[in-house]
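1. Sequence and predicted structure are below.
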Amino acid sequence: MLAALKRAAARLLAFTRGGQHDRDFADEMQSHLEMATHENIRRGLSPDEARRQAVLRFGGAASIQSQHRQVRGVRFLDEVAQDLKFAGRLMLKDRGFSAAVIGVLALGIGANIMGFTIVNAAFFRGLPFEASAQLHMVTWINDNGRRVGPLQTELDEWRARSHVFVDLAGYDDGSASLSDERALPDQVRATRVTTNTFALLRQPPVLGRDFVAADAAPAGEPVVLIGHHVWQNRYGGDPGVLGATVRIDGQAATVIGVMAEGMQFPDRSDLWLPLVGEPGSSDTTRLEVIGRLRDGGSKRSAQAELDTIARSQKAADPEHFEEIKGVRVETVSDAAIGGIGRRLFLIIMATVMFVLLIAGANVANLLVLRSAARAREMALRTSMGATRWRLVRQLLLESVVLALAGAVLGTGLAQLGVQAYAGSGQNRGLPFWVVFSIDYVVLAYAVAITLAVAIVFGLAPAWHLSRTNSNDIIKDGGRGSIGAPRMRRFGTAMVVLELSVAIALLGGTGLLVRSFATLYAIDLGVNIAPLVTMRVDLPASHYPAAADRRAFVARLEPRLAAIPGVQAATITTGVPSRDGGERYFEIEGMPAGASRVMVSTVTATPSFFDAVDVRITQGRGFAEADGAPGAEAAIVNARFAQQFFADQNPIGRRLRFAPRRPAPEATPDVWRTIVGVAPDISHGSASDQYINAAVYLPYRETAPASASILVRSGLAPASIMNAVRREVQTLDPDLPITQLRTVADILAGDRGLYRTFGALFAAFAVIAVLLSAAALYAVTAHAVAQRTPEFGVRVALGANRHSIMWLVLGRGLKQLAAGIGFGLAGAFVLGDILSGMLVGVSPADPITLVAVTLALTVVSLAACLRPALRAARIDPVIALRAD
Amino acid sequence: MGESKSDILQGTLDLMVLKTLDAMGPMHGYGIARRIEQISEEALQINQGTIYLCLIRLVQKGWVDASWGTSENNRKAKFYAISKTGRKQLAAETKNWERVAGVIGRVLDLRRS
């Protein structure tokens, strides 16, 4: 046993030190030959003859040498090393071929790595916290499928009754001004959180203490936790910041701790405040809720449990939960990148898989073509005793080496792609934890797909080889015509496969691009270019009553309008492409059923329509008096008028908001008289392809605390934004300046996802088409080379050069036709899958499919043309002499 | 350790080399090859190179030790010497060989009669 181990060790050592042992043995051989020569000379032979005899008696030195090595070394490793060396040499020799294979694989694998990097960042990595897979979001869902956050009291009930969740925490994301004596006031993202949040996230502060329950008491001392970068940037990393007093929106608060670096939960937050409960008061803040599942708890069991809790909550207070359809438990990434975003990511993954399939088929094709050229070499090796396994292993090794080279290059390409992608701000609008970077998971994935591709597609030539008889090949004289028909069939099959996948992808891409184009072409109803907006949140501490807020707005609006260059200014909850919430309503004198849908509501000051520069088409706009008690007015948009009044005149009719099943004792909403009809302006989401019915209400009536300034001007946005900031701060220095930006910017952010994916899909589809065209070219060119003698004979017998050319082109066209046939079928399937995210285009859009087919036809013809022309130019004399 | 038993020629050469080293003391490869040729009275014509394949195998099995030294003609040469386990193996192999040879001899006798 010990001896066997020692021997194995010696062999391994011998393998790693092969060179030294070779030299040792060469020396020994040398000494042997010298002694033999010496003895022969003594026996009277001439020195030359003596040497010759010595060598003869020794036997084939090279063979002995290699056998010696075999006995000495670990045979398998030795052979693999040999194969590797051979593969390397071959790679260098066939530079063109190797470059083609490596290039194709680099594109395929690179696209895959990039796709997976994005999916990994968005779905697999999750929050950068301990056991983050246990974290789930919980929310109400309303009748329209929108998320509605629970109130604090509702959250408290979930916390008390849920057993599947260890705990649940609520938060309200917002912004605040941070000021103190140390530096200029900063506008920061501030999140109010329930005090158990950081314990639940397992994110204790790195400095100071976490919130405790007492911090949430209304009478307690106000405290704040600051983010790491605020600590670094504003306070220079000074630990003395603990205990310091800062002003948050003008209110004094004590800094009790600093959070860890990179901790920006929920979304790029700079500081955190305790969510102060106001018992007895009707706090209407709707919270985002995150919970941590117990060990072994599943999303499904959590969903089931909360369904039960929600049902009993609804049963206890049906009026309060009127518009709530149910509760939803979802993963953090689903909640952040749900719906269309999620599907887009998955489609990206599928797309890159298809690109990889094309690349792999391409490589298989190239390898098979080359294996034909090497058939004689392989046949010779077989006849000299190489086992089939040895040959297959060598072929596999070659494809693995090529694939690895391709993977390295592909990873480089992907790195560039990912950098460009992340650098172009494509994660804007995505949560802070979605960071596009190539990590170990991605690299492991890259290695896995590389080996898979190398083995699956590297087996193609091996399979081909196993079907040929080595004797036939040697007899054939190495022209490589044996097995050619089968090989050509294989090549054709691969090309058809590639063309099919390419056309399906191209079709899907075409549909998406057209959808995105449609989105961009959607008429928002307003010219957004000159619009600048800013969020105004009037804190209840300074502006407790509607009258206070009205007074502030009454002072602010004229100041904004007076800024030089500003044409109009308004305060509204409905900056174009946003609305101020959806509500149920009813129209006086109409059966309730007809209007029992939700409409968008927008609250605005009278100057709104002037600010967005549209003209009331019927009736009048708001007057200052509108909204005062007794003068409740409303303006509806054209879609509303068309949808609910059809050919009747809506002016003078009355509507009111009402829950679907009003409680008998509740006072009904007042009737509002419709005074005008406005043209349609988009107040829906960026992906809505039409404008919803909307009702405009006068600001004066409710004076919502949360609204936005909207300013139209012909000046550069930057200077206007500064002026707006100045005017607001003159009136109230503590008022937070948040989301000060152009409307165009908001819209671009909303559509960023679509734009990005449009570009990504287009890039992948172009890669797919190029790869397929390259394969078609390779197969056609090879066929022409194979058939050169045949064409020579044809020409010699008087065949027309055109007919030769068509012979070649026709073959290409047949493959193309088959590819288009399968591909279009695939495109229909893909279109069906994509249908949920198509905007204004049918899944089987004929224009897209025809355009895609034409594009691929042109590219394919171009790929066939060169070989076809070469075939047509064949000189029969040369062609026939070639043998 | 069945690797050499299956191949009778290889096994035979191993046995001859071991016996030569046992009888003659440390020798270099050329010496072993010449010695075997002489003993067999040139009847056994082997490629001298194969001796080295045999030797490396024996070294690996630990039956023979090898070291560089100087030959009688002042040449650098690798010398091989039988080891302790080598002698044990030689005894066992010799017994085995005699047994096989005896069996074969009896079988051949049988056929002749």
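-> Sure, I can see it.
2. what residues go with each domain of chain A?
-> A:2-73, A:79-134+A:357-482, A:144-322, A:488-524+A:744-883, A:539-734 (automatic domain parsing).
3. closest one to chain B among the ones you listed?
-> When these are compared by Cβ to the nearest Cβ, domain A:2-73 sits nearest chain B, at 2.8 Å. Every residue, glycine included, has its C-beta placed from N, CA and C.
4. Surely A:Arg656 is in a strand?
-> Yes - counting by DSSP: H, G, I helix; E, B strand; the rest coil, A:Arg656 is found in a strand.
5. show me what contacts it?
-> When contacts are counted by Cβ atoms under 8 Å, 6 or more residues apart in numbering or on different chains, A:Arg656 is found next to A:585-586, A:588, A:668-672.
6. interface residues of chain B facing chain A?
-> Contact residues, chain B versus chain A (Cβ under 8 Å from any Cβ of the partner chain): B:28-30, B:33-34, B:47-50, B:52-53, B:56-57, B:60-62, B:71, B:73, B:75-78.
7. Which PyMOL command selects the buried ones in these?
-> Listed next is the PyMOL selection for buried residues among those, using 16 or more other Cβ atoms under 10 Å in any protein chain shown:
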select buried, chain B and resi 28+29+30+33+34+47+48+49+50+52+53+56+57+60+61+62+71+75+77+78
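8. Filter the residues of chain B next to chain A down to the ones in helices?
-> Those of the residues of chain B next to chain A mapping onto helices are B:29-30, B:33-34, B:48-50, B:52-53, B:56-57, B:60-61, per DSSP state H.
9. SS state for the nearest residue to A:Gly525 once chain neighbours are set aside?
-> Setting aside the residues directly before and after it, A:Gly525 is nearest to A:Ile681 in space (Cβ to Cβ, 6 or more residues apart in numbering or on different chains), at 3.8 Å. Assigned with three-state DSSP, A:Ile681 falls in the coil class.
10. you'd agree A:Ile681 is up against A:Arg615?
-> No - with contact defined as Cβ atoms under 8 Å, A:Ile681 does not count as touching A:Arg615 (11.8 Å).
11. who's more crowded, those two?
-> Remark: of A:Ile681 and A:Arg615, A:Ile681 carries more neighbours, 23 against 9, as counted by other Cβ atoms under 10 Å in any protein chain shown.
12. Contacts only, for the more buried one.
-> A:524-526, A:574, A:576, A:612, A:614, A:637, A:691, A:694.
13. Off-centre distance for stretch A:297-315?
-> Chain-centre distance of stretch A:297-315: 32 Å, with Cα atoms, centre = their mean, to the nearest Å.
14. Ignore what I typed, I meant stretch A:342-352.
-> 7 Å.
15. Check which residues of that stretch are buried.
-> In stretch A:342-352, counting by 16+ other Cβ under 10 Å, buried: A:342, A:344-345, A:347-349, A:351-352.
16. helix or strand for A:Val329, which one?
-> Using DSSP states H and E, A:Val329 maps to strand A:324-331.
17. Identify each buried residue in the host helix or strand of A:His38, please.
-> In the assignment (DSSP H and E), A:His38 maps to helix A:18-42. Within helix A:18-42, the residues scored as buried using 16+ other Cβ under 10 Å are A:18, A:21, A:25, A:28-29, A:31-40.
18. what packs against that helix?
-> helix A:47-58, helix A:61-72, strand B:27-28, helix B:29-39, helix B:48-61, strand B:76-82 (3 or more Cβ pairs under 8 Å, 6 or more residues apart in numbering or on different chains; DSSP states H and E).
19. just how off-centre is the helix-or-strand element of chain B with minimal mean pLDDT within its chain?
-> Least confident helix or strand, chain B: helix B:8-24 with a mean of 80, by mean pLDDT, DSSP states H and E. Centroid displacement of helix B:8-24 relative to its chain, using Cα atoms, centre = their mean, is 1 Å.
20. between it and helix B:48-61, how big is the angle?
-> Using axes from the mean of the first three to the mean of the last three Cα atoms, to 10 degrees, the direction of helix B:8-24 lies 80 degrees away from that of helix B:48-61.
21. ok, longest helix in the chain?
-> Here I'm looking at chain A. helix A:743-786.
22. my bad, chain B
-> Chain B, longest helix under DSSP H: helix B:84-112.
23. which strands and helices sit next to the strand with the most length in chain A?
-> As assigned by DSSP state E, the longest strand anywhere in chain A is strand A:165-179. Helices and strands touching strand A:165-179, by 3+ Cβ pairs under 8 Å, 6+ apart, are helix A:152-161, strand A:186-193, helix A:197-201, strand A:245-248, strand A:271-274, strand A:288-293, strand A:531-537, strand A:738-742.
24. can I get the ones you listed in CSV with distance to A:Leu505?
-> As requested, the helices and strands packed on strand A:165-179 are exported to CSV (distance: least, Cβ to Cβ, whole Å):
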stretch, distance to A:Leu505
helix A:152-161, 45
strand A:186-193, 40
helix A:197-201, 41
strand A:245-248, 52
strand A:271-274, 46
strand A:288-293, 38
strand A:531-537, 38
strand A:738-742, 36
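25. Show me what counts as buried in stretch A:152-168.
-> Result for stretch A:152-168 [16+ other Cβ under 10 Å]: buried residues A:152, A:154-155, A:157-159, A:162, A:164-165, A:168.
26. Can you pull out the low-pLDDT segments for chain B?
-> Applying pLDDT under 70 to chain B picks out residues B:1-11, B:42-45, B:111-113.
27. try it again with 80
-> B:1-12, B:40-47, B:71-75, B:110-113 (pLDDT under 80).
28. Apart from its neighbours in sequence, what residue is nearest the closest residue to chain A within chain B?
-> Of all residues in chain B, B:Asn47 sits closest to chain A, at 2.8 Å by Cβ to the nearest Cβ. Leaving aside its sequence neighbours, B:Asn47 sits nearest to A:Gly59 (Cβ to Cβ, 6+ apart; 2.8 Å).
29. repeat for A:Phe640
-> A:Phe640's closest residue in space is A:Ala693 (Cβ to Cβ, 6+ apart), at 4.0 Å.
30. can I assume the one you found is in contact with A:Gln643?
-> Yes - with contacts counted by Cβ under 8 Å, A:Ala693 reaches A:Gln643, the gap being 5.3 Å.
31. pLDDT averaged over the helix or strand in which A:Gly410 is found, what's the number?
-> A:Gly410 is part of helix A:388-423, with elements assigned from DSSP H and E. Per-residue pLDDT values across helix A:388-423 average out to 85.
32. I'd like to know which elements that helix is packed against.
-> Checking 3+ Cβ pairs under 8 Å, 6+ apart, helix A:388-423 ends up next to helix A:75-93, helix A:95-119, helix A:339-373, helix A:375-383, helix A:440-466.
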